[in-house]
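In: What follows is a predicted structure for the sequence shown.
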Amino acid sequence: MIKHIVCWKLKNKTEPLKECSDALAIKRVLEGLVGKVPGLIQAEVGFDYSNTKTASDIVLYSKFESKVALKNYKNHPAHVKAGKTVRPRTYDRRMIDYEIE
């Protein structure tokens, strides 16, 4: 199993994040990829509540069946379309992919 985690800061953030329209749009589009992208097992989006200087605003925690599934996800039309919602609303993207055996 592969885990893919991405963190972003929002360009136009309002507090609390769970009520921010940009954050909610990102959550809706990313969690909506489950069932559309083969090999994507889980997608969970969370919002930071610590409001510290070093924290990101939004996190995507996702699980994939395999490295191949994650590779295919990156170019899948549904993921590419989701990027059109995420990219204009965010900056300072950080990510990590790791394997669980």
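Out: Structure's in. What do you need? Numbering: from 1, shown residues only.
In: what's the spacing between residue 42 and residue 53?
Out: Residue 42 sits 30 Å away from residue 53, taking Cβ to Cβ, to the nearest Å as the criterion. Just so you know, the C-beta spots here come from the backbone N, C-alpha and C atoms, and that holds for glycine as well.
In: Those two: which is more packed in?
Out: Using other Cβ atoms under 10 Å as the criterion, residue 42 and residue 53 rank with residue 42 on top: 12 against 5.
In: Okay, helices next: where are they in the protein?
Out: In the chain, the helices defined using DSSP state H lie at 21-31, 67-75, 77-86.
In: The shortest one versus helix 77-86: what angle between them?
Out: Translated: helix 67-75. If you take axes from the mean of the first three to the mean of the last three Cα atoms, to 10 degrees, helix 67-75 sits at 50 degrees to helix 77-86.
In: list the buried ones in helix 67-75?
Out: 69, 70, 72, 73 (16 or more other Cβ atoms under 10 Å).
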